[in-house]
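Trainee: Model the structure of this input:
(chains A, B, C and D)
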Number of protein chains: 4
Amino acid sequence: MIPQNVQKCIDACNECMKACEQCFSACLQEPDVGARVHCISMLRDCADICSLTAQYLARNSMSAKQICSLCASICEACAEHCSKFKDEHCKTCVEMCKKCAEVCRNMAA
Amino acid sequence: MIPQNVQKCIDACNECMKACEQCFSACLQEPDVGARVHCISMLRDCADICSLTAQYLARNSMSAKQICSLCASICEACAEHCSKFKDEHCKTCVEMCKKCAEVCRNMAA
Amino acid sequence: MIPQNVQKCIDACNECMKACEQCFSACLQEPDVGARVHCISMLRDCADICSLTAQYLARNSMSAKQICSLCASICEACAEHCSKFKDEHCKTCVEMCKKCAEVCRNMAA
Amino acid sequence: MIPQNVQKCIDACNECMKACEQCFSACLQEPDVGARVHCISMLRDCADICSLTAQYLARNSMSAKQICSLCASICEACAEHCSKFKDEHCKTCVEMCKKCAEVCRNMAA
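Mentor: Numbers count the residues shown, from 1 in each chain, chains lettered A, B, ... in the order given. Coordinates of the predicted model:
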């Protein structure tokens, strides 16, 4: 059985992955896409690391804490970039990134 | 907003990924690990394709239906391999693989 | 040992992944980024499936032919989208996508 | 254009991913598979992080140095686990892991 706190962290990573992928596609379609290049790049990185972190956690990897630490850093950077935009998809993404960062920081500790 | 049926498919993929990763690690530790080589290999493939399918779905990929079709096939093959073993982790995994296969088949249709 | 033809396919996938990731980042920085939304989306999908296909091939997966077939389709679609743009990075990417599609088609056969 | 040193790092990651995937499948088939559980788990983690690191590098990610640092750590741990076994596939894998770790450490610096 996956322990409760690990389960919670996997779910936070998966939710953050979803929010980032969605925000990525939505940002690409915004009229000011040219202003969102860094945000879009961060969203992609963030979705990818969240996805792999969820896999490491679910397999009870010996490197789970290490990848959680990296995931938290990237989520924090992504939240910062996304917070410059006020669309609903960006707001949701910031929220999910911050939550995932917090849960991953705890897991890494 | 991600439509309800897509959301359901993402969740099924993520649940299946979790069950496969867990079952993978558990099978590796079973005393009859030597008899589980094909099962372990399938579990790995299945976790990976479920993870990527969830990302394609969340980003509203133009190739979402195609990857769902492949994901369904791999989930079905994984369920078949896992169903040869009667541990709790294998039973759970078979259930999640079958559910994910069904939801992905519907999405691919 | 990985057979010669499998090795060649892994290399084509990795080269295509590189070209797609590079083209993705370059397209995002072009002044007409707003016209490249579909291309950028395809590039992301293509990089991801090439990367996973290389892993399936290297691990001698039982589903290698199936994922090669999907990879070929996505590479072909990506080549088509990229061929609308005449930058060097798009030209290189089209070339790599076509090559990868061909090698993957052969592997899937 | 991808700079020479980045190119070299991508190639090292891809070579290490291949060696780890191959060694993973080969270890699973060894008669003493039961003694290789930790090694097999590390090989899986290592292949996955090498694969994602290659993607981050190719897309010129803002978090490339950070993921290279994690990749180096995991490669080092994988080399240590693999070095306990004397098969050709393990020897090759140790070599590739050490090389990748070194190149990633330089990139992260």
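
Trainee: what about chain A, any weak spots by pLDDT?
Mentor: For chain A, not a single residue meets the criterion pLDDT under 70.

Trainee: Please list the residues of it that sit near chain B.
Mentor: Within chain A, the positions adjacent to chain B are A:2, A:10, A:14, A:17-18, A:21-22, A:24-25, A:47-48, A:51-52, A:54-55, A:58-60 by CB under 8 Å from any CB of the partner chain. Every C-beta, even on glycine, is put in place using the N, C-alpha and C of the backbone.

Trainee: Could you measure from residue A:20 over to residue A:46?
Mentor: 5 Å (CB to CB, to the nearest Å).

Trainee: any common contacting residues for the two?
Mentor: A:78, A:97 (CB atoms under 8 Å, 6 or more residues apart in numbering or on different chains).

Trainee: from the middle of its chain, how far away would the longest helix along chain A be?
Mentor: In chain A, with assignment by DSSP state H, the single longest helix is helix A:4-28. Distance of helix A:4-28 from the chain centroid (CA atoms, centre = their mean, to the nearest Å) equals 5 Å.

Trainee: Next, the angle from it to helix C:4-28.
Mentor: 60 degrees (axes from the mean of the first three to the mean of the last three CA atoms, to 10 degrees).

Trainee: Could you report the neighbour count for the nearest residue to residue A:75 once chain neighbours are set aside?
Mentor: In space, and not counting its chain neighbours, residue A:75 is closest to residue A:101: 3.9 Å by CB to CB, 6 or more residues apart in numbering or on different chains. As a burial measure, residue A:101 scores 23 neighbours (other CB atoms under 10 Å in any protein chain shown).

Trainee: in what helix or strand does residue A:101 lie?
Mentor: helix A:88-108 (DSSP states H and E).

Trainee: give me every residue that touches residue A:72.
Mentor: A:100, A:101, A:102, A:104, A:105, A:108.

Trainee: Get me the contact residues on chain A for chain C.
Mentor: Checking chain A against chain C by CB under 8 Å from any CB, the hits are A:25, A:28, A:29, A:31, A:33, A:34, A:37, A:40, A:41, A:44.

Trainee: Can you lay out those as a markdown table showing neighbour count and distance to residue A:91?
Mentor: Formatted as a markdown table, the residues of chain A next to chain C follow (neighbours: other CB atoms under 10 Å in any protein chain shown; distance: CB to CB, whole Å):
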| residue | neighbour count | distance to residue A:91 |
| --- | --- | --- |
| A:25 | 20 | 16 |
| A:28 | 21 | 17 |
| A:29 | 11 | 17 |
| A:31 | 7 | 18 |
| A:33 | 19 | 18 |
| A:34 | 14 | 21 |
| A:37 | 16 | 20 |
| A:40 | 23 | 16 |
| A:41 | 22 | 19 |
| A:44 | 27 | 19 |
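
Trainee: Identify the farthest-apart pair in the residues you listed.
Mentor: A:31 and A:44 (20.4 Å; CB to CB).
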